[in-house]
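A.B. asks: sequence first, predicted model second:
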Amino acid sequence: MSRRVATITLNPAYDLVGLCPDIVKGNVNRVQTAGLHAAGKGNNVAKVLRDLGIDVTVSGFLGRENQEGFQQFFNENRMVNRFHLVSGRTRINVKLTEKQGEVTDFNFSGFHVTEEEWNRFVSDSLTWLGQFDMVVVSGSLPEGIKAESFADWMMQLRQSCPCVIFDSSREALVAGLKALPWLVKPNRHELEIWAGKPLPDLDSVIDAAHELRNRGIAHVVISLGEQGALWVNASGSWLAKPPHCEVVSTVGAGDSMVGGLVYGLLMRESSEHTLRLATAVSALTVSQPNVGIKSRTELASMMAKIELISVR
């Protein structure tokens, strides 16, 4: 088994992460800088996988004018870089964590992808993505890429790579779900938007997850924030609850969970073990300013603290 993964991040970002006791509108807010990281959902997944020893190829789009931080990130983490460069700058997202752990995001706009650039990416990516055990498609769509075009690419990708893991939101989520990916990981709010109704309790979340499963999606994982994560597949349904953690930043917590899920599935671990691992990786992420696994011992310790229960 080659254990090779590709991650696709069409709309990456530099994440500027800061700590601010209280955000006061209309005033000067003093912020303690926690870090500036080359990120984007798929790149965060790739970082977790590299920390766990998996070979990763990364692709998507980067702005030509400020690519240096990403090139350094890929080199330092020994990722194979197949990103397409486009005119303009990759966006910067500002993430501020207040003293109660609440995170406020300011997501700026970035480059624009032309139709020619998108067609070039589609043609190139479909020639090599089928070589991988799993392909992770994560994040939003940059300006210029239509939801319909993205859905068409996802359907073609699904034909060449049966194990597509998908994590997105808004119009990209709706479009990508049409391709019936092998695994999807919306959060509760994203699932509510897809369902078109509030999901006030666990039973309603489970029902919506089963509805996605009934459409042909093998694995449905719902991230529930502090409440943990729900996984529904053909073998059963489980809820994983992490212990209380001091929040430094929730940035990348969902991406870290995806990385843990991919690793467990690659290693042919049981659903229970994989969900426990993924929840532990996510819990560790919120207690640090950036994505990644610093210590296998620390990860094992956190896994032991995860409460896992079987649900209907």
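C.D. replies: Structure received.
A.B. asks: okay, now the nearest residue to residue 281 once chain neighbours are set aside: neighbour count?
C.D. replies: With sequence-adjacent residues excluded and distances taken as C-beta to C-beta, 6 or more residues apart in numbering, residue 281 is closest to residue 260, at 3.9 Å. Bear in mind the C-beta positions are built from the backbone N, C-alpha and C, glycine included. For residue 260, the neighbour count with other C-beta atoms under 10 Å is 29.
A.B. asks: next one: residue 72
C.D. replies: Neighbour number of residue 72 under other C-beta under 10 Å is 11.
A.B. asks: that one touches residue 37, doesn't it?
C.D. replies: No. The pair residue 72 and residue 37 does not pass the contact test of C-beta atoms under 8 Å, sitting 11.0 Å apart.
A.B. asks: contact partners for the nearest residue to residue 234 once chain neighbours are set aside?
C.D. replies: In this structure, residue 234 finds its nearest non-sequential neighbour in residue 218, 6.9 Å apart by C-beta to C-beta, 6+ apart. By C-beta atoms under 8 Å, 6 or more residues apart in numbering, the residues touching residue 218 are 182-183, 233-234.
A.B. asks: and residue 218, its phi and psi?
C.D. replies: The phi and psi values for residue 218, taken as degrees, to the nearest 10, are phi -70, psi -40.
A.B. asks: how about the helices in the chain?
C.D. replies: In the chain, the helices defined using DSSP state H lie at 41-51, 68-76, 115-128, 147-160, 170-177, 188-195, 202-214, 253-266, 271-286, 296-304.
A.B. asks: would you list those in TSV and tack on distance to residue 107 and mean pLDDT?
C.D. replies: Supplementary listing: those in TSV, determined by distance: least, C-beta to C-beta, whole Å; pLDDT from 0 to 100:
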stretch	distance to residue 107	mean pLDDT
helix 41-51	12	95
helix 68-76	17	96
helix 115-128	21	97
helix 147-160	18	95
helix 170-177	12	90
helix 188-195	15	89
helix 202-214	26	91
helix 253-266	15	93
helix 271-286	19	91
helix 296-304	29	89
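A.B. asks: mind listing what the residue most central in space within the chain touches?
C.D. replies: By C-alpha atoms, centre = their mean, the mean C-alpha position of the chain lies nearest to residue 255, the distance being 3.1 Å. Residue 255 sits next to 41-42, 44-45, 48, 138, 167, 291 when contact means C-beta under 8 Å, 6+ apart.
A.B. asks: then residue 149?
C.D. replies: By C-beta under 8 Å, 6+ apart, the contact list for residue 149 reads residue 118.
A.B. asks: hang on, the earlier thing: name the member of the contacts of residue 218 with the most neighbours.
C.D. replies: Busiest of the contacts of residue 218 [other C-beta under 10 Å] is residue 183, holding 22 neighbours.
A.B. asks: find me the pLDDT at it, would you?
C.D. replies: Note on residue 183: pLDDT of 96.
A.B. asks: that one and residue 54, how far apart?
C.D. replies: 16 Å (C-beta to C-beta, to the nearest Å).
A.B. asks: convert stretch 301-312 to CSV, retaining C-alpha atoms only.
C.D. replies: Output in CSV follows, covering the C-alpha atoms of stretch 301-312 (Å, rounded to 0.1, in the frame of the first residue of the first chain):
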residue,chain,number,x,y,z
SER,A,301,-2.4,11.0,25.9
MET,A,302,-5.2,13.0,24.4
MET,A,303,-6.6,10.0,22.6
ALA,A,304,-7.0,8.3,26.0
LYS,A,305,-9.1,11.2,27.2
ILE,A,306,-11.6,11.0,24.4
GLU,A,307,-15.0,9.7,25.4
LEU,A,308,-16.5,7.5,22.6
ILE,A,309,-20.0,6.2,22.6
SER,A,310,-22.1,4.3,20.1
VAL,A,311,-25.3,6.1,19.1
ARG,A,312,-28.2,5.0,17.0
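A.B. asks: and for that stretch, what's in contact with it?
C.D. replies: Stretch 301-312 is contacted from outside by 202, 206, 228, 230, 236-243, 272, 275-277, 279-280, 283-284, using C-beta under 8 Å, 6+ apart.
A.B. asks: quick check: buried residues in that stretch?
C.D. replies: For stretch 301-312, the neighbour count (16 or more other C-beta atoms under 10 Å) marks 302-303, 306, 308 as buried.
A.B. asks: now do stretch 152-170
C.D. replies: Buried, per 16+ other C-beta under 10 Å, within stretch 152-170: 153-154, 157-158, 160-161, 163-169.
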